[in-house]
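>>> My questions concern the predicted model and sequence given below.
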Amino acid sequence: MLAGAVFILVQAVMPGPSVPERSAAVDPCLSLEAEALRPGKDKGSELTSGHLAALADIGRSDPNESASPFGVSPDGKQIAFVVRRANPQANAFCQKLMVASLAREGAPPREIDRGGAFIRATFALRNFPVVGAGYAQVITPRWSPDGQRIAFLKRVSEQTHVWTVEAAGNAPARQATALPDDVEDFRWSTDGKALIAQTRPSLREMNAQIAAEARTGFVFDDRFSPQFADRPMPTGPMITSYTAVDDAGLVRPATDAEISAFANRRDSLGDEIPVGARGFTRRADGGAAWIESKAPGRLIAPTRLVLRLPGGATRLCDTALCDGGRHLWWSANSGDLYVLQKTGWGQGQTGLLRWHVSWPRPKRVFVTEDALIGCTMPGPELVCARESAARPRRLVAIDPATGRERLLHDPNSDWSRFRLGTVQRLRFRNAYGVESFADLVLPPDHGRGQKHPLVVVQYGSDGFLRGGTGDEVPVQVLAAKGFAVLSFARPDFPAWVMEAKDESELRARNRTDWLDRRSVQSSLEMAIARAIATGAVDADRMGISGFSDGTSTTQWALINSKLFKVASLGACCEDMVSYPLAAGPYFERFGREMGYRFFEGGGQEFWKPMSLVLNADRIEAPILIQTGDSEYEAALDVFAALRKQGKAIEMIVLENEPHFKWQPAHRLAIYERSVDWFRFWLMQEMDCSPDKRDQYERWKAMPGAPAPAALLCK
């Protein structure tokens with residue numbers, strides 16, 4: 001959603017220390033493969049947290065926009081991709097490089113390499129050019145020009161390098177680069193005799209300068225963000241380096257021509273791309289197509305499609321049919337333009353448009369509530385990872401003329417054995433006129449007339465309903481335990497906010513009388529009302545979970561409504577003291593520019609509708625916080641204030657975790673603790689395993705806890 005793409009968070013990620021990895025002698029795939037062969041996997045099995053935590057992924061585990069995880073062979077007949085499966089017991093990932101045929105119907109994919117540690121993605125945040133995310137870097141395998149070898153990124157011994165393997169899979173993979181810095185991206189040279197590696201030596205050099213500064217002490221300045229590190233972090237511009245490495249390991253600086261292979265489309269096509277055009281794509285005959293804004297002066301606006309004919313004439317499609325375009329391809333066979341778009345109510349659907357150059361406007365091939373991820377069109381078919389609300393990701397080839405699909409690979413082929421809850425989409429407009437939606441999931445054995453306690457999971461509801469944004473609250477596991485689950489999709493901004501000309505104005509408008517929070521609360525209340533109206537929800541037993549922006553939604557709901565009896569947070573909290581202090585001096589100024597008031601007159605008045613600290617005496621819902629050690633400092637004022645008031649609150653701090661947690665053992669622990677927490681407070685049930693005794697002793701001692709005699713072991 002647009003809101004998720006633009007919203008700026010203070011609790012984002014940590015700077016990316018070295019990633020712990022298992023010994024090379026321990027293969028995390030082996031125990032998973034042994035489990036897959038174990039008998040007794042009958043239809044109708046109950047889904048558990050362990051099952052969900054070990055799902056296989058291709059690309060990032062969420063359906064957000066990212067680079068494509070698919071590498072297509074030069075002849076267009078094969079596709080390479082990495083399948084990643086978490087192993088919570090080993091606290092590691094089983095990663096396999098696979099090759100699938102696009103030409104042979106039903107041919108199973110081949111494994112041609114396995115191993116390597118989890119590679120965390122990086123991105124820029126505020127004044128920090130490189131911070132480490134908790135979600136995976138998308139690894140896109142690249143074929144050599146002759147189609148004989150495949151190159152890919154692999155992390156071994158705490159360094160990321162390019163590795164190569166024979167496409168036939170008849171020899172072990174070999175490390176192809178040995179540079180002093182992590183390789184972030186790469187290309188083959190045009191003759192296939194060298195690999196061009198992209199690195200950032202300046203990151204290593206800046207860290208060396210900071211280490212030298214430690215001898216005399218650090219100046220506390222904009223380089224600090226205490227929640228991320230107890231030392232300065234690299235800031236400022238960072239030079240990218242390009243190095244050619246040949247098969248013999250000889251290293252030289254890349255040529256300008258080799259570097260140009262990394263350039264984006266605008267750089268490579270120069271003045272041919274119209275100002276403001278996105279997704280520009282051209283045909284050999286001079287025809288072209290692109291996406292452009294209907295309101296160029298705005299930061300966020302509806303879009304339209306432009307088709308340029310070979311002679312230079314253009315056609316526009318500026319109706320709602322053509323809004324939300326994301327990716328464009330020309331068909332190699334028919335010459336038609338295909339457009340993948342976000343569309344429908346609240347942009348909660350994915351559509352495919354087809355536009356022949358002779359048509360005045362495109363026609364819709366299909367529309368679905370499924371998410372299509374990393375799509376590419378190497379030939380006559382569109383190849384995508386596809387996932388639905390109740391089915392995890394699999395690799396499919398889609399006929400772009402009809403929308404019919406064929407399965408190429410299902411990395412979770414035994415998923416159909418689980419009994420799952422039904423999913424119903426609820427659509428409505430909130431009090432500010434913003435299109436909103438949520439998905440209601442009912443228990444697999446739901447019977448007519450039954451009412452279930454409800455748990456709200458946030459804040460995106462696209463694709464597979466795994467654990468909400470951040471993947472921390474297991475939707476179908478809760479349903480299997482008898483809960484109704486409301487997967488709430490955060491609405492886009494109100495119309496006045498959407499008219500902002502830049503990000504600074506957008507942030508300021510969002511915080512004018514907390515407009516955005518009021519709009520989200522309106523959508524949340526309407527979603528809950530729709531869920532209750534189905535007759536399947538017990539309105540007296542409702543809980544809410546929140547992570548990132550969902551934490552802010554939860555805070556507002558606990559202060560400004562009485563809907564929820566219990567809450568669970570994956571990060572905490574947007575408040576008046578620890579929030580700016582933990583993020584550092586740069587964010588403190590940044591926050592004031594967007595409308596926050598920190599440590600100045602009128603601060604308490606500004607924060608009163610939002611602050612758990614200022615409203616600690618009014619909070620009755622028990623709160624569980626499960627947060628990474630990189631950002632628990634932001635919760636200290638809230639934790640202390642609620643504890644001082646005698647409120648039920650517990651905080652779990654997870655070691656070596658950024659905003660999005662990445663470690664499989666932690667994922668499983670968070671899943672299980674979240675389920676236990678809601679069962680305890682809303683169902684008066686306990687998991688009476690001996691290893692959970694201490695957990696329940698703490699919870700039973702909290703104010704408002706169920707009476708011991710009322711608690712059931714289940």
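In hand now; what should we look at? All of these numbers come straight from a predicted model, not from anything done at the bench.
>>> Counting by contacts, list what the strand or helix carrying V383 packs against.
Assigned by DSSP states H and E, V383 belongs to strand 382-388. Helices and strands touching strand 382-388, by 3 or more CB pairs under 8 Å, 6 or more residues apart in numbering; DSSP states H and E, are strand 371-376, strand 391-398. C-betas here are computed from N, CA, C, even on glycine.
>>> how near is V441 to V477?
From V441 across to V477, the span is 11 Å (CB to CB, to the nearest Å).
>>> what distance separates the strand holding V383 from the centre of its chain?
Chain-centre distance of strand 382-388: 16 Å, with CA atoms, centre = their mean, to the nearest Å.
>>> Now do that strand and strand 371-376, the angle between them.
Calculated by axes from the mean of the first three to the mean of the last three CA atoms, to 10 degrees, strand 382-388 forms an angle of 160 degrees with strand 371-376.
>>> Please identify the pairing partners of strand 382-388 and their relative orientation?
strand 371-376 (antiparallel), strand 391-398 (antiparallel) (DSSP bridges).
>>> now the ones you listed in TSV, with mean pLDDT, mean neighbour count and distance to M702?
Shown next, in TSV, are those (pLDDT from 0 to 100; neighbours: other CB atoms under 10 Å; distance: least, CB to CB, whole Å):
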stretch	mean pLDDT	mean neighbour count	distance to M702
strand 371-376	96	22	39
strand 391-398	97	22	36
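>>> out of these, nearest to E503?
Smallest distance to E503 across the strands paired with strand 382-388 (CB to CB): 26.1 Å, for strand 371-376.
>>> now the closest one: how far from the chain's centre is it?
Distance, stretch centre to chain centre, for strand 371-376: 14 Å (CA atoms, centre = their mean).
>>> now swap in stretch 446-461 and tell me
Relative to its chain's centre, stretch 446-461 lies at 23 Å (CA atoms, centre = their mean).
>>> can you dump the C-alpha coordinates of that stretch into PDB?
Below are the C-alpha coordinates for stretch 446-461, written out as PDB (Å, rounded to 0.1, in the frame of the first residue of the first chain):
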ATOM      1  CA  HIS A 446     -16.200 -23.000  13.000                       C
ATOM      2  CA  GLY A 447     -19.800 -24.000  13.300                       C
ATOM      3  CA  ARG A 448     -22.900 -21.900  12.700                       C
ATOM      4  CA  GLY A 449     -23.800 -19.800  15.700                       C
ATOM      5  CA  GLN A 450     -20.400 -20.100  17.300                       C
ATOM      6  CA  LYS A 451     -18.700 -17.000  18.600                       C
ATOM      7  CA  HIS A 452     -14.900 -16.800  18.900                       C
ATOM      8  CA  PRO A 453     -12.500 -14.500  20.700                       C
ATOM      9  CA  LEU A 454     -10.900 -12.200  18.100                       C
ATOM     10  CA  VAL A 455      -7.200 -11.200  17.600                       C
ATOM     11  CA  VAL A 456      -6.400  -8.300  15.300                       C
ATOM     12  CA  VAL A 457      -3.200  -8.800  13.200                       C
ATOM     13  CA  GLN A 458      -1.700  -5.800  11.300                       C
ATOM     14  CA  TYR A 459      -0.900  -3.900   9.100                       C
ATOM     15  CA  GLY A 460      -0.800  -5.300   5.700                       C
ATOM     16  CA  SER A 461      -3.100  -8.000   4.400                       C
END
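>>> Now do the buried residues in that stretch.
Buried positions in stretch 446-461, judged by neighbour count with 16 or more other CB atoms under 10 Å: H446, K451, H452, P453, L454, V455, V456, V457, Q458, Y459, G460, S461.
>>> Out of those, which sit inside strands?
H452, P453, L454, V455, V456, V457 (DSSP state E).
>>> Give the bridge partners for the third one, please.
This points to L454. Under the criterion used (DSSP bridges), L454 bridges to A484, M542.
>>> Enumerate every residue touching it.
Residues in contact with L454, defined by CB atoms under 8 Å, 6 or more residues apart in numbering, are F483, A484, V485, L486, I528, A531, V537, D538, R541, M542, G543.
>>> repeat for the fifth one
By CB under 8 Å, 6+ apart, the residues touching V456 are V485, L486, F488, L524, I528, M542, G543, I544, S545, F564.
>>> so where's this protein uncertain?
Residue ranges of the chain with pLDDT under 70: 1-25, 39-40, 264-271.
>>> Longest helix in it, please.
helix 515-533 (DSSP state H).
>>> can you pull the buried residues of that helix?
515-528, 530-532.
>>> ditto for stretch 426-437
Within stretch 426-437, the residues that count as buried by 16+ other CB under 10 Å are L426, F428, N430, Y432, V434, E435, S436, F437.
>>> do the same with stretch 32-43
Under the neighbour-count criterion of 16+ other CB under 10 Å, stretch 32-43 has L32 buried.
>>> could I get it in PDB with only the CA atoms?
Extracted as PDB, the C-alpha positions of stretch 32-43 are listed here (Å, rounded to 0.1, in the frame of the first residue of the first chain):
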ATOM      1  CA  LEU A  32      14.200 -30.700   7.400                       C
ATOM      2  CA  GLU A  33      14.600 -33.300   4.600                       C
ATOM      3  CA  ALA A  34      14.300 -36.100   7.200                       C
ATOM      4  CA  GLU A  35      11.200 -34.500   8.600                       C
ATOM      5  CA  ALA A  36       9.700 -34.300   5.100                       C
ATOM      6  CA  LEU A  37      10.100 -38.100   4.700                       C
ATOM      7  CA  ARG A  38       8.600 -39.000   8.100                       C
ATOM      8  CA  PRO A  39       5.300 -40.900   7.800                       C
ATOM      9  CA  GLY A  40       2.100 -39.900   9.300                       C
ATOM     10  CA  LYS A  41       1.400 -36.700   7.400                       C
ATOM     11  CA  ASP A  42      -2.300 -37.200   6.800                       C
ATOM     12  CA  LYS A  43      -4.800 -34.800   5.400                       C
END
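>>> Outside of that stretch itself, list whatever touches it.
By CB under 8 Å, 6+ apart, the residues outside stretch 32-43 that reach it are A54, R85, N87, C94, D414, S416, R417.
>>> repeat that for 6 Å
Contacts with stretch 32-43, where a contact means CB atoms under 6 Å, 6 or more residues apart in numbering, come from R85, N87, C94, R417.
>>> in a strand, that's where the third one is, yeah?
Read it as C94. Yes: using DSSP: H, G, I helix; E, B strand; the rest coil, the assignment for C94 is a strand.
>>> Please name the nearest non-neighbouring residue to it.
C29 (3.7 Å; CB to CB, 6 or more residues apart in numbering).
>>> Likewise for R490?
Of all residues not flanking R490 in the chain, Y459 sits nearest, at 4.0 Å (CB to CB, 6+ apart).
>>> Next, the contact list for the one you found, please.
By CB under 6 Å, 6+ apart, the contact set of Y459 is T469, R490, D549, G550.
>>> Return the members of these classed as buried.
In the contacts of Y459, the ones that pass as buried (16+ other CB under 10 Å) are T469, R490, D549, G550.
>>> Pretty sure the first one sits against G460.
To tie it back to what came earlier, the one meant is T469. Yes: the pair T469 / G460 is scored as a contact, 4.9 Å apart, by CB atoms under 6 Å.
>>> how much space between A527 and E381?
Separation of A527 from E381 (CB to CB): 37 Å.
>>> Serialize the strands paired with strand 382-388 to TSV and add fields for distance to L642.
Formatted as TSV, those follow (distance: least, CB to CB, whole Å):
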stretch	distance to L642
strand 371-376	37
strand 391-398	37
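>>> Quick one, which of those gets closest to D113.
Taking these one by one with CB to CB, strand 391-398 is closest: 17.7 Å.
>>> neighbouring contacts of the closest one?
For strand 391-398, the surrounding residues in contact (CB under 6 Å, 6+ apart) are 55, 58, 381-383, 385-387, 405-410, 412, 464.
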